[in-house]
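K.L.:
Show me how the following folds:
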Amino acid sequence: MGIPNKIETERLVLKANGLEYLDSTHEYASDPENTKYMINLPNETKEETAHYLKDVEDEWNNPNQLYYEFAIFLESKHIGSAGLRLEESRKTGSIGWILGKDYHGKGYATEAAKALRNLALSPDELNLDKLIAHCDYRNTQSIRVMEKLLMELESDDGVRNYKDSEEDIQELVYSIRKTAF
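P.N.:
The predicted structure is shown next:
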C-alpha cells in the first residue's frame with residue numbers, strides 16, 4: 001500500500017510538497033524570526049529553497065521512500081510544512097513541522113502533526129514502532145505540540161548546533177511508541 005500524497009484533516013489539507021510551492025515555502029523558510037529554532041534554516045536564497053524542494057520531490061518519486069514532506073494548506077493558502085523521516089529499519093521515524101509565523105498558536109501545527117503521527121503509527125499505514133521529535137529547549141510552542149501528540153520527554157541531554165552559529169543549545173527529544181497510541 002502506498003502512502004497517500006494528500007491528507008485531509010478538519011481544517012487543513014496536507015499535500016506532497018515540491019517545487020510548485022517554491023515561493024510560499026521560501027516566504028516562511030527564509031524568515032529569521034520564523035526559523036529561529038530550525039537547525040538548517042533560514043534559507044538565504046530562493047535557490048537554497050528550490051534545491052531542498054527538488055530533493056523532497058525526488059523522494060516522493062523514490063520507490064524506497066524514507067522521507068515524506070507535506071505542504072500544509074488552510075483553505076487554499078500554503079501556511080507551512082510537516083514531514084516524517086524514517087530510519088532505514090522502517091521501525092522508527094522522526095516528525096517535524098514549520099508554519100509561517102502568522103499561523104502560530106492556532107492549533108494548525110498540532111492538527112497537521114497528529115495526521116502524520118497517525119500515518120506513522122497506524123498498522124494500516126507506516127506501522128512504525130516509535131516516533132520521535134526533537135526541539136530546542138526554548139521552543140515552548142513545539143513542546144506543547146509534542147505533548148498534545150501524547151509524546152513524552154525521552155531525553156534532555158542532546159545538543160543542537162544552528163546554521164551559522166558556534167553555540168551549543170540544549171535539545172529535547174520526545175517520543176511515542178505504537179503501544180501508547
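K.L.:
mind checking how far the residue most central in space within the chain is from Lys106?
P.N.:
Nearest to the mean C-alpha position of the chain, by C-alpha atoms, centre = their mean, lies Gly96 at 2.4 Å. Distance, Gly96 to Lys106, by C-beta to C-beta, to the nearest Å: 18 Å. C-betas here are computed from N, CA, C, even on glycine.
K.L.:
Kindly report the same for Ala50.
P.N.:
Ala50 sits 28 Å away from Lys106, taking C-beta to C-beta as the criterion.
K.L.:
try His26
P.N.:
Going from His26 to Lys106 by C-beta to C-beta gives 22 Å.
K.L.:
between these two, who's got more neighbours?
P.N.:
Taking other C-beta atoms under 10 Å, His26 and Lys106 do not tie; His26 has more neighbours (20 against 13).
K.L.:
How is the more buried one assigned, secondary-structure-wise?
P.N.:
For His26, the assignment made with DSSP: H, G, I helix; E, B strand; the rest coil gives helix.
K.L.:
wait, what's in contact with it?
P.N.:
Applying C-beta atoms under 8 Å, 6 or more residues apart in numbering to His26 gives the contacts Asn43, Lys46, Thr49.
K.L.:
among these, which ones are buried?
P.N.:
Neighbour counting by 16 or more other C-beta atoms under 10 Å classes Asn43, Thr49 among those as buried.
K.L.:
Take the contacts of His26 and keep only those in helices.
P.N.:
Among these, the members falling in helices (DSSP state H) are Lys46, Thr49.
K.L.:
in the chain, which spans are helices?
P.N.:
Going by DSSP H, the chain shows helices at 22-29, 46-60, 108-121, 140-148.
K.L.:
Deepest-packed of these, please.
P.N.:
Using mean count of other C-beta atoms under 10 Å, the stretch among the helices of the chain with the largest mean neighbour count is helix 108-121, at a mean of 22.
K.L.:
Using PDB, write out the CA atom coordinates for it.
P.N.:
Coordinates of each C-alpha in helix 108-121 appear next as PDB, following Å, rounded to 0.1, in the frame of the first residue of the first chain:
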ATOM      1  CA  TYR A 108      -2.600  24.100  13.000                       C
ATOM      2  CA  ALA A 109       0.800  22.500  13.800                       C
ATOM      3  CA  THR A 110      -0.900  20.100  16.200                       C
ATOM      4  CA  GLU A 111      -3.600  19.200  13.700                       C
ATOM      5  CA  ALA A 112      -1.000  18.500  10.900                       C
ATOM      6  CA  ALA A 113       1.300  16.700  13.200                       C
ATOM      7  CA  LYS A 114      -1.500  14.500  14.600                       C
ATOM      8  CA  ALA A 115      -2.300  13.400  11.000                       C
ATOM      9  CA  LEU A 116       1.300  12.500  10.400                       C
ATOM     10  CA  ARG A 117       1.600  10.700  13.800                       C
ATOM     11  CA  ASN A 118      -1.500   8.700  12.800                       C
ATOM     12  CA  LEU A 119       0.100   7.800   9.500                       C
ATOM     13  CA  ALA A 120       3.300   6.800  11.100                       C
ATOM     14  CA  LEU A 121       1.900   4.600  13.900                       C
END
